[in-house]
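Chemist: Got a sequence here, can you build the structure:
(one chain, ligands or ions: 1)
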Amino acid sequence: MVATVAACQIGVQLVVKVITYGTFDLFHEGHRRLLERAKALGDYLIVGVTTENYDDSRGKLNVAQSLMERIRNVVDSGLADEVIIEEYEGQKVQDIQKHSVDIFAIGSDWLGKFDYLGDYCKVVYLERTKGVSSTQLRNESAGVLRVGVAGAGRIASRFVAEARFVSGVSVEAVYSRSYDKAKDFAARLELEWANETYEDLLKHVDAVYIATPHATHYDFARRAIEAGVHVLCEKPMTLTSAETAELFERAQAAGVVLLEAVKTAFSPGFQRMVAVARSGSIGRVRSVDATFTKLVTAGRELTGADGGSISELATYPLLAVVKLLGTNYTELRTVSLRPEGSETEVFSRIDLVFPHAVASARTGLGVKAEGELVVAGTRGYIYVPAPWWLTEYFEARFEDSRQNKKYYYKFDGDGLRYELAEFAWMIRARTTESFKLRAAESIAMADMIEKARASATIIR
Ligand code: CTP
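Modeler: Below is the predicted model of the structure:
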């Protein structure tokens, strides 16, 4: 049913109310023309401006201006009679009813997408202005960040695919120990270059994503930093705290960004879970239990000096531990299962003691368990079901279950887009530290991994 335009009454005058929405980042001519034409459809124009959180949750990453700046853009245009904030999916239906809106107007890039609002008001798609967009302006002002990939394995392929969702970033080159593999990777993923040497790759790019075997991360990262190239390094960055700390010192001195690619740290749901846990709503956090297991029967994870469930997987549970309890642990005890004939441990439990709390991180390559996270506090607890590291949902639970609260978030794709968006933002903002994952936290995780591997009690 398409509602007819029903003018509503404000005071004594009949006015036609129009509503439109957008991010309005780096306000441009396309925005101005859209607002002008939307306004011309009626007498009173309401403009909804999206929050950062909503943009994050709908996968629109790398918006350059803050919500306040974007609201100011709209106000300064002089075209809006009222500005509202768009915070969540489905809000449009409510806004239209609440404000007695007659016409919903939006650019033609959304053609058909908002037909469902026709049940509530008239829907008008206005032709989009050609040749201008916020995305384009962001790219022009900051320049496109040229990224190279070191390593041509599975995670590297996923990274290239995910990078397409982050504006202002272009993955252009790949280096692999095997040149043939690099050429094949570049052809398959339509990259401009396959480089025969790592030095060559570094000459072509502003930043590098390191997705090579763990033991080689340090060397690749150091060489990139020396070349003045920003580094996004797969986890674990290195297997010792000394090497990780040294890389951060070098990056700081060279003025380049170094970030450990722990996707969970940058995802909206996980960040909110940490914020809720640390806000005091479950009281003081006294215990963190996190499990990550993945059944693997063959491959690099199970062989060689840097294999095993700790080096492969412990970063995830230890991330939860450091984000929730900090980095100042006082004791660490590990028990690892290494069956007869196995080169590496396939299941481990790392127990940590903090001044007023305890934590347990369990990892498994040869044992399967429920991959959940429980954060216990003095007033209640947070439960994040498996796979907690792709945090889409969590619950705060209390003795009185009527107080329980459920939280839902979106986790888009593989999640690699979140870490890349943060990395790109840091480079643009010229900041070498992200509060989402601080250097000290990466160093502490490396320290825990190093100690756990070195001091584990082995059972068979
Ligand atoms: N718009 C338009 N013409 C343009 C760009 C945007 O008419 N050249 C319209 C959109 O269709 C939408 C409104 O302006 O109705 C707000 O769009 P927004 O997403 O904020 O702007 P974009 O420039 O499209 O942003 P981005 O590149 O980040 O997607």
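
Chemist: Mind listing what's buried along stretch 355-373?
Modeler: Ala357, Val358, Ala359, Ser360, Ala361, Arg362, Thr363, Gly364, Leu365, Gly366, Gly371, Leu373 (16 or more other C-beta atoms under 10 Å). The way it works is simple: take the backbone N, C-alpha and C, and place the C-beta from them, glycine included.

Chemist: Adding distance to the ligand, pLDDT and secondary structure, write those residues out as TSV.
Modeler: Formatted as TSV, these follow (distance: C-beta to the nearest ligand atom, whole Å; pLDDT from 0 to 100; DSSP: H, G, I helix; E, B strand; the rest coil):
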residue	distance to the ligand	pLDDT	secondary structure
Ala357	42	98	strand
Val358	45	98	strand
Ala359	40	98	strand
Ser360	43	98	strand
Ala361	39	98	strand
Arg362	42	98	strand
Thr363	39	98	strand
Gly364	42	97	strand
Leu365	41	96	coil
Gly366	46	89	coil
Gly371	35	97	coil
Leu373	34	98	strand
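
Chemist: Reformat the residues you listed as CSV; add distance to Lys323.
Modeler: Shown next, in CSV, are these (distance: C-beta to C-beta, whole Å):
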residue, distance to Lys323
Ala357, 13
Val358, 16
Ala359, 11
Ser360, 15
Ala361, 13
Arg362, 17
Thr363, 17
Gly364, 22
Leu365, 24
Gly366, 27
Gly371, 17
Leu373, 11
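
Chemist: and the closest residue to Val322 other than its chain neighbours, what helix or strand is that in?
Modeler: Counting by C-beta to C-beta, 6 or more residues apart in numbering, Glu441 is the residue found nearest to Val322 once chain neighbours are left out, at 4.7 Å. In this assignment (DSSP states H and E), Glu441 forms part of helix 439-455.

Chemist: Can you pull the residues of this protein lying near the ligand?
Modeler: By the rule C-beta under 6 Å from any ligand atom, the part of the chain lying against the ligand is 22-25, 30-31, 34, 106-107, 109, 128-129, 132-135.

Chemist: Please repeat the previous calculation with a cut-off of 8 Å.
Modeler: 20-25, 28-31, 33-35, 50, 60, 63, 105-110, 126-138, 167 (C-beta under 8 Å from any ligand atom).

Chemist: Quick check: pLDDT value at Lys436.
Modeler: For Lys436, the pLDDT comes out at 97.

Chemist: quick one: it and Ala265 touch, right?
Modeler: Yes: between Lys436 and Ala265 there is a contact at 5.2 Å, judged by C-beta atoms under 8 Å.

Chemist: anything in contact with each of these two?
Modeler: Shared contacts of Lys436 and Ala265, defined by C-beta atoms under 8 Å, 6 or more residues apart in numbering, comprise Gln271.

Chemist: tell me, how many neighbours does the closest residue to the ligand within the stretch 301-450 of the chain end up with?
Modeler: With C-beta to the nearest ligand atom as the measure, Ala421 is the residue of the stretch 301-450 of the chain nearest to the ligand, at 13.0 Å. For Ala421, the neighbour count with other C-beta atoms under 10 Å is 24.
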